[in-house]
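Peer 1: Here is my input, please return the structure:
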Amino acid sequence: MKEYQITAWVKTTFSYKSTVIPMVIKRVLMFPVFCLIILLLNKGYFGSVFAEFPWSKVWIPSLGHTLIGSALGLVLVFRNNASYDRFWEGRKQWGGIVNACRNFIRQARSYGGQMESIAPLVIAFPFALKHQLRSENPSESIIKFLNAENTQLVMRHKNPSLAINFAMSNWINRMVTLGKISELQAHRMEEQVAKLMDCQGACERILKTPVPFAHAIHVKQLLFIYLITLPFVLIPIVGWLSIPMVFVIAFGLLGIEEAGIEIEDPFGHDPNDLPLTNICEVIARDVQSTLYFDDEDSQAKEIVLSSLDESDSETSFLGIS
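Peer 2: Okay, here's the model as predicted:
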């Protein structure tokens, strides 16, 4: 995802990379070129036959075009809102994955489970899901955390992240059998596993349910009709100035449409997609830190104990008598 400073007005205003300009510029130029051709025909540059053509009969009243523009604006706003809702929903689900992974590994650490066997699974889950959402093979990423044998077992499944989720549940059951954690603790950890599965399902719903075809195509068709007829409205009013005006209007409308398309699928590699790799690395860092948490844990206990020692005998540590 492209990072920027909203206060850097000049830098952001004149940005080119990671904007919609490279994707729409060819389409944008098509309409002022068409406007130029109509102007040249109207002025008789291609012969007197075109100059004598009754152009007044093909000019379009501005009122009718304004009404179409109003409808087009509403459709574009709805389209962009739908796309941003998908983008933001995707971000919320990945935020839920981060929280569930942190809570799960925190509980595993606090309850005294075997961290060396569960930490790789917790780290591998978001990496596997990231690649699945991008229709990529996750084996190269998860083999860094799981050994080759376990990676092969996971990759046998059509849904590798689901297989990892099952493995996390199996680990919980094994810890209960070994007496490492209680049934109540296992239930709390299973809640985090279920949250991971819920987030995965929500991401898959976003990925596999695009904006309805009829709506997406109608926006494009209405936009094309509006822009292709725009010269027939502006030429009789402003003449040669219609060329830059058509360019600016086409750039604005096509850019708005493309911005919505750009964020419709938030899980890809585009500059404006979610930074899934960074999110996965944050999870990996936090999980791995729990494996070496003894020093910090001891310090945390010392802080609590010292606070208890310094508190008054009639007042509890929480300040409640």
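
Peer 1: Without its sequence neighbours, what residue ends up closest to residue 94?
Peer 2: residue 279 (5.4 Å; Cβ to Cβ, 6 or more residues apart in numbering). Every C-beta, even on glycine, is put in place using the N, C-alpha and C of the backbone.

Peer 1: The one you found contacts residue 129, correct?
Peer 2: No - using Cβ atoms under 8 Å as the test, residue 279 is too far from residue 129 to be in contact (10.3 Å).

Peer 1: Quickly list what's touching both of the two.
Peer 2: residue 97 (Cβ atoms under 8 Å, 6 or more residues apart in numbering).

Peer 1: Would you mark the buried spots in the host helix or strand of residue 36?
Peer 2: Counting by DSSP states H and E, the element that carries residue 36 is helix 21-43. Neighbour-count burial for helix 21-43, counted by 16 or more other Cβ atoms under 10 Å, picks out 24, 27, 28, 31, 32, 34, 35, 38, 39, 41, 42.

Peer 1: List the contacts of residue 270.
Peer 2: residue 262.

Peer 1: Can you check the pLDDT for it?
Peer 2: In the predicted model, residue 270 carries a pLDDT score of 88.

Peer 1: Would you list the phi and psi of it?
Peer 2: With angles defined as degrees, to the nearest 10, residue 270 sits at phi -70, psi 150.

Peer 1: Kindly report the same for residue 59.
Peer 2: The phi/psi pair for residue 59 (degrees, to the nearest 10) is phi -70, psi 140.

Peer 1: where's it relative to residue 65, distance?
Peer 2: To residue 65, residue 59 is 11 Å away according to Cβ to Cβ, to the nearest Å.

Peer 1: Equivalent analysis for residue 144, please.
Peer 2: Residue 144 is 58 Å from residue 65, by Cβ to Cβ.

Peer 1: Just checking, which helix or strand of the protein averages the lowest pLDDT?
Peer 2: helix 294-310 (a mean of 48; mean pLDDT, DSSP states H and E).

Peer 1: Based on its surroundings, how many neighbours for the residue nearest to residue 94?
Peer 2: 17 (other Cβ atoms under 10 Å).

Peer 1: nearest residue to the residue nearest to the spatial centre of the chain other than its sequence neighbours?
Peer 2: Centroid-nearest residue in the chain, with Cα atoms, centre = their mean: residue 266, separated by 2.8 Å. Distance criterion Cβ to Cβ, 6+ apart; nearest residue to residue 266, sequence neighbours excluded, is residue 90 at 4.0 Å.

Peer 1: wait, what's in contact with that neighbour?
Peer 2: Residue 90 touches 203, 206, 266, 267, 274, counting by Cβ under 8 Å, 6+ apart.

Peer 1: before we move on, what about residue 235?
Peer 2: Applying Cβ under 8 Å, 6+ apart, the residues near residue 235 are 35, 38, 39, 42, 59, 242.

Peer 1: sec struct for the residue lying closest to the third one once chain neighbours are set aside, please.
Peer 2: Spelled out, that is residue 39. Spatial nearest neighbour of residue 39, chain neighbours left out: residue 235 (6.0 Å); criterion: Cβ to Cβ, 6+ apart. Using DSSP: H, G, I helix; E, B strand; the rest coil, the structure places residue 235 in helix.

Peer 1: and residue 235, how far is that from residue 168?
Peer 2: Taken as Cβ to Cβ, the span from residue 235 to residue 168 is 67 Å.

Peer 1: One more: residue 15?
Peer 2: Distance from residue 15 to residue 168, by Cβ to Cβ: 42 Å.

Peer 1: So the two - more neighbours on which side?
Peer 2: residue 168 (21 against 13).

Peer 1: which element is that one on?
Peer 2: helix 160-177.

Peer 1: Which parts of the chain are strands?
Peer 2: Ranges of strands in the chain, per DSSP state E: none exist.

Peer 1: counting residues per helix, which one in it is longest?
Peer 2: helix 62-111 (DSSP state H).
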